[in-house]
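In: All I have is the shape, not the residue letters:
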């Protein structure tokens, strides 16, 4: 299944903006596709992610989501799709500046995991990309839970062995 994603952000460096992406859950590939002017209305069939409480949305991105979003970004950036060779995160040529890697500095590791410092100049576009990565990463977890529940239900209905 492919999910169209619209991430609309304001309040960070540069102008408010909207970033369109697509996530292929089967292949586990996120494509950051297109930047657009800030829009508060939902584009047809898109999941909406925003940090603006006044915008109708599917997912709200709060300040406390930044660390998990960065972790999701690095997981996708260094991950490989289900074909074991394609990168899990790609950017269209026109939105290379959405890549937040240049605005993130690793600041060691503590008992809570990796620590990061984010540049004051991080842009709305880069934060939109981070939020999109977090959405894709979390949707993988939901999908895995659904598959496991379906296997468990099948086992209970018809007998059999459940492998995890």
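Out: Yep, it's here. Remember, it's a predicted structure, so these values are computed and weren't measured experimentally.

In: who are the neighbours in contact with residue 3?
Out: 22, 23, 25, 47, 139 (CB atoms under 8 Å, 6 or more residues apart in numbering). For the C-beta atoms, the positions are set from N, CA and C on the backbone; glycine is no exception.

In: What strand or helix carries it?
Out: Element membership for residue 3 (DSSP states H and E) is strand 2-9.

In: show me what contacts the residue positioned nearest the centre of the chain?
Out: Note on the chain: the residue nearest the mean C-alpha position is residue 133, at 1.9 Å, using CA atoms, centre = their mean. By CB under 8 Å, 6+ apart, the contact set of residue 133 is 30, 69, 72, 73, 75, 76, 89.

In: from those residues, which ones fall inside strands?
Out: Filtering the contacts of residue 133 for membership in strands, criterion DSSP state E, returns 30, 89.

In: So which of the contacts of residue 133 wins on neighbours?
Out: When neighbours are taken as other CB atoms under 10 Å, the top entry among these is residue 30 (31 neighbours).

In: separation between it and residue 5?
Out: 8 Å (CB to CB, to the nearest Å).

In: Name the residues contacting each of the two.
Out: 21, 22, 23, 132, 136.

In: what helix or strand does the first one sit in?
Out: Using DSSP H and E, the element containing residue 21 is strand 17-24.

In: do the last one as well
Out: Using DSSP H and E, residue 136 falls within helix 124-158.

In: avg pLDDT for that helix?
Out: Across helix 124-158, the average pLDDT comes to 76.

In: ditto for stretch 4-24
Out: For stretch 4-24, mean pLDDT rounds to 97.

In: Correct me if wrong: residue 69 contacts residue 136.
Out: No - using CB atoms under 8 Å, residue 69 makes no contact with residue 136, being 10.5 Å away.

In: Look up phi and psi at residue 100.
Out: phi -80, psi 0 (degrees, to the nearest 10).

In: what's the nearest residue to it if we skip its chain neighbours?
Out: Computed as CB to CB, 6 or more residues apart in numbering, the closest residue to residue 100 that is not its neighbour in sequence is residue 126, at 3.8 Å.
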